[in-house]
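*Asks:* build me a structure from this.
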Amino acid sequence: MLEKMNTFTNLLTRRISGERRAINAENPTGEKGKGGISASELGPCRKGNPCILDITPGATVTLADFSGCGLIDHIWFTLLDPICFQPHTLSGTILRIYWDQECTPSVEAPIGDFFCCGFDQNCIVNSAPIAVNPNRSFNCYFPMPFRKHFRITIQNCTNETIPRLFYQIDFRLLSTLPEDTVYFHAKWNQRLKNTANLGEDYTILSLPKADGHYVGTYLAVTSYEPYCWCEGELKFYIDGDLEYPTICGTGTEDYFGGAWAFGIPHNGHAVETTFSSLYTGFPYFSHPNVNQTISNRGLYRFHLPDPIMFNHMIRVTIQQIGKHDGHLFERIDDITSVAYWYQTHE
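*Replies:* Reported below is the predicted structural model:
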């Protein structure tokens, strides 16, 4: 049902049910006929309240608190102006989304990592569910259904005040949702080099009791050792898998839609090359030299055409394996990830 609701054919060639609403600083409640009421120097309804001002360190701001039934189909953010961009804003601003009065958020991640921009670095992302456009325009198109209520918050976990936050949550009010509707989730995780053991796989997601489908991975890797960094395989342990997974990939760059360490031959050397496409991407690389001692890489894979279904459990891991002179070796790097999935609501 949700797939049909989000295909262009059904959206544009059939009568669309529901009622369109939007929540932003100009209409923070999303009420009908209540947008743009605040006045500016130009008068009422003339860009009087376009953003939230001065989010102080430690403060949590509620962006949306809405009761009803429907589907969020677009979320947009931008923070600050380019001339006053502050370090750690993207990693230290935490996005949380709660469905149907739940106490624990179904979505919890730094805003940068959620939008595939790790390392506090903005990069262009041209995927189907996540788009990051000039300049620091963060867009999410994952469909997010809710039966009774949704609440979206932002917390400033940096030491600096966020002077401006612009946002808009676009959603459709519906009379009901199908009984088999599943809810959107996203979870951030991180393991630093000094807390890892050689040969220990990194866990991207572990759900011991859940029913749904896995739809995406964002991975940010800081490599501290030279030579090839991307021989590690991603593994999906599904519905009772213990020692061995049902799905085991062939290498990190392979899973993220590339090959041969994303290297394009140039003057006798392979030059790692970034790219961004609908479902796979390598949008950020801090150094052009594959043998740099320390470098940062951001990658994404969205399983929209190929969701990974699970009936009662799933565990997603990745190895940390490198290669030099034709030989594999275990390595330890900093890894940060965001897992995206849908599951039934308890």
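
*Asks:* shaky segments in the stretch 101-250 of the chain?
*Replies:* Confidence mapping of the stretch 101-250 of the chain against pLDDT under 70 gives zero matching residues.

*Asks:* can you map out the helices along the stretch 151-300 of the chain?
*Replies:* If you assign secondary structure with DSSP state H, counting those that start in this stretch, the helices in the stretch 151-300 of the chain sit at 252-255.

*Asks:* swap in the stretch 1-150 of the chain?
*Replies:* Along the stretch 1-150 of the chain, counting by DSSP H, counting those that start in this stretch, helices occupy 2-5, 8-13, 89-92, 111-114.

*Asks:* just checking, what packs against the last one?
*Replies:* Which is helix 111-114. Applying 3 or more C-beta pairs under 8 Å, 6 or more residues apart in numbering; DSSP states H and E, one finds that helix 111-114 makes contact with helix 89-92, strand 93-99, strand 183-191, strand 212-223, strand 334-343. For the C-beta atoms, the positions are set from N, CA and C on the backbone; glycine is no exception.

*Asks:* just to revisit the earlier point, quickly, which of the helices of the stretch 1-150 of the chain bottoms out on average pLDDT?
*Replies:* When the helices of the stretch 1-150 of the chain are ranked by mean pLDDT, helix 2-5 comes last with a mean of 50.

*Asks:* ok, the residue nearest in space to the middle of the chain - contacts?
*Replies:* The geometric centre of the chain, computed from its C-alpha atoms, lies nearest to Phe114 (C-alpha atoms, centre = their mean), at 2.9 Å. For Phe114, the contact set (C-beta atoms under 8 Å, 6 or more residues apart in numbering) comprises Leu95, Val107, Cys140, Ala186, Trp188, Tyr218, Val338.

*Asks:* just among those, which is most surrounded?
*Replies:* Tyr218 (29 neighbours; other C-beta atoms under 10 Å).

*Asks:* that residue pairs with what?
*Replies:* Tyr218 forms beta bridges with Tyr300, Val338, as assigned by DSSP bridges.

*Asks:* so it makes contact with Asp113?
*Replies:* Yes: with contact defined as C-beta atoms under 8 Å, Tyr218 and Asp113 form a contacting pair (6.3 Å).

*Asks:* intersection of neighbour lists for these two?
*Replies:* Residues touching both Tyr218 and Asp113 comprise Val338, with contact defined as C-beta under 8 Å, 6+ apart.

*Asks:* now Ala220: closest residue in space, sequence neighbours ignored.
*Replies:* Distances taken as C-beta to C-beta, 6 or more residues apart in numbering place Gly118 nearest to Ala220, at 3.2 Å, with adjacent residues excluded.

*Asks:* next one: Ser206
*Replies:* The shortest distance from Ser206 to any residue that is not its chain neighbour, by C-beta to C-beta, 6+ apart, is 4.6 Å, and that residue is Arg315.

*Asks:* and for Gln101?
*Replies:* On the basis of C-beta to C-beta, 6+ apart, the spatially nearest residue to Gln101 that is not a chain neighbour turns out to be His149, at 5.4 Å.
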